[in-house]
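Participant: model this:
(one chain, ligands or ions: 1)
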Amino acid sequence: MYTVKFYKGDYSKRQNDANQDKAVAYVEHHFNSFTATSNYAVVITGSNASTTSKNWGRWYAREVAEHFGIPVGGDNGIKVGGFGGRGDGSIKHTDMPAVLLEPLFASNPQHAEIIRSESGQSALAQILVESIRRFFPDGGLIAFSVGHKYKDSSPHDRGAPLAGRGNEADFAEKVLEKAQALLLAADHPAEGRIVRVMQGDTLLFEKRIDEDAVVTWSSGRDLLFIPE
Ligand SMILES: [Zn+2]
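Facilitator: So this is what the prediction gives:
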């Protein structure tokens with residue numbers, strides 16, 4: 001069982017509040033911004049990050065990269081302590097594992113199209129939720145923080161502009177809202193290993209499998225093989 005709470009105010013306040021609430025995991029959502037051709041997924045962890053935070057961040061970055069067909073950035077998908085320290089203060093004050101997500105580039109027009117699309121937002125939410133279920137299988141309070149938005153010290157900050165239209169923070173919020181709905185959906189099996197087949201946002205097939213099962217995909221036969 002998961003609960004979700006969105007934390008607002010300045011970044012240090014959000015983290016202190018989540019610590020007081022004994023959240024089990026902390027997620028701050030951004031989109032990256034550099035050039036129009038920047039093209040990778042990365043997660044920032046605090047300079048004091050635990051192994052769990054690093055593994056969680058790498059898992060998420062790798063799955064985002066695979067889904068959208070882009071590389072991972074940083075050190076195998078993570079940047080410990082942020083870019084020249086930027087981002088570190090958003091997560092290093094947490095008592096629990098914490099990640100700052102930079103899945104796509106607001107400055108890249110193709111990424112911006114994905115960020116504005118329902119299907120892109122759903123895919124990002126789905127990957128985030130799967131990462132939370134995988135790394136925090138016992139449930140608990142998940143702390144969400146929308147990057148840039150709702151800071152008392154800078155209430156008009158919305159982060160980077162998206163190429164075309166829109167801004168980083170409003171779309172980060174949409175992804176987190178979708179992730180919240182997925183996490184709270186009660187019909188998901190609580191534990192075990194599950195194989196799924198999806199078409200777009202639609203789940204076509206779902207089956208619990210043995211923890212030790214070797215699942216193989218044959219691209220020549222277009223066949224997913226699950227042992228008995
Ligand atoms: Zn940002």
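
Participant: switch to C-alpha atoms for all contacts and neighbour counts from now on
Facilitator: Noted.

Participant: can you show me the CA trace of stretch 141-154 as CSV?
Facilitator: Output of stretch 141-154 as CSV, limited to C-alpha atoms (Å, rounded to 0.1, in the frame of the first residue of the first chain):
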residue,chain,number,x,y,z
LEU,A,141,4.6,7.2,1.9
ILE,A,142,6.1,8.4,-1.4
ALA,A,143,7.1,12.1,-1.4
PHE,A,144,6.7,14.0,-4.7
SER,A,145,8.2,17.4,-5.4
VAL,A,146,7.6,19.4,-8.6
GLY,A,147,10.8,21.0,-9.6
HIS,A,148,10.8,24.9,-9.7
LYS,A,149,7.1,25.2,-8.9
TYR,A,150,5.7,26.3,-5.5
LYS,A,151,8.9,27.7,-4.1
ASP,A,152,8.1,30.4,-1.5
SER,A,153,11.3,32.2,-2.4
SER,A,154,10.6,32.2,-6.1
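
Participant: gap between the residue most central in space within the chain and residue 225?
Facilitator: In the chain, the C-alpha closest to the average C-alpha coordinate belongs to residue 128, at a distance of 3.8 Å (Cα atoms, centre = their mean). Look at residue 128 and residue 225: by Cα to Cα, to the nearest Å, they are 26 Å apart.

Participant: what's the nearest residue to residue 184 if we skip its chain neighbours?
Facilitator: Closest residue to residue 184 apart from its sequence neighbours, by Cα to Cα, 6 or more residues apart in numbering: residue 2 at 6.3 Å.

Participant: wait, that neighbour sits on residue 143?
Facilitator: No: taking Cα atoms under 8 Å as the definition, residue 2 is not a contact partner of residue 143, at 10.5 Å.
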